[in-house]
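# No letters, just coordinates:
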């Protein structure tokens, strides 16, 4: 018996027991992990005027099906984690599947928004700046192939410094 691939419109949903576990994680830690990724992948691609518009602005990303919220702000062209705020300037909400499709550039923000799979609440102008910045990105932001064990191992091997040889154990 072979498993068939899910239909193209199949949307993964975080199972409720996993979501219940994820909601117990410290919110600041999750925000810190998210901004680390955003700064490595996204911040360097943002034009200076977008960075300036984000400066000091508080943004929340809410992953509905996982029960997660990530709070951060723009600061000097980078993203900085912050404690959850009562009223962020902008809240982007979607399920994990839709955020992943957005990051992989399989769907654009307009499609998700008009299909009511992505919502933006708060400062409309800031929401448009974020949406336009996402639309302008050239490459997929997230490629799952780069996290395959072989790809991760290859990157680690390139980063690993050569170990010094102990006397009598090196090549002759």
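Arrived safely. Bear in mind the structure is a predicted one, so any value in this text is a computation, not a measurement.

# Buried ones in the longest helix seen in the chain, by neighbour count?
Counting by DSSP state H, the longest helix found in the chain is helix 27-41. For helix 27-41, a neighbour-count test (16 or more other CB atoms under 10 Å) marks 27, 30-31, 34-35, 38 as buried. The way it works is simple: take the backbone N, C-alpha and C, and place the C-beta from them, glycine included.

# Kindly report the same for stretch 62-80.
62-74, 78-79.

# what's the answer for stretch 43-56, then?
Using 16+ other CB under 10 Å as the test for burial, stretch 43-56 gives 43, 46, 50-51, 53-54.

# Taking the residues you listed together, which two end up most distant?
Using CB to CB, these span at most 13.5 Å, a distance reached by 43 and 53.

# Are we agreed that residue 13 is in a strand?
No. Assessed with DSSP: H, G, I helix; E, B strand; the rest coil, residue 13 is coil; it does not lie in a strand.

# Hmm, residue 30 is touching residue 68, no?
Yes. The criterion here is CB atoms under 8 Å, and residue 30 meets it with residue 68 at 6.1 Å.

# How many neighbouring residues does residue 110 have?
12 (other CB atoms under 10 Å).

# Helix or strand: which one has it?
helix 109-114 (DSSP states H and E).

# and that helix, which residues are buried?
109, 112-113.

# and which of the residues you listed is nearest to residue 20?
After measuring these against residue 20 - CB to CB - the closest member comes out as residue 112, at 25.5 Å.

# number of nearby residues for the nearest residue to the closest one once chain neighbours are set aside?
Sequence neighbours aside, residue 118 is the residue nearest to residue 112 in space, at 3.6 Å (criterion: CB to CB, 6 or more residues apart in numbering). Here the number of neighbours of residue 118 (other CB under 10 Å) works out to 22.
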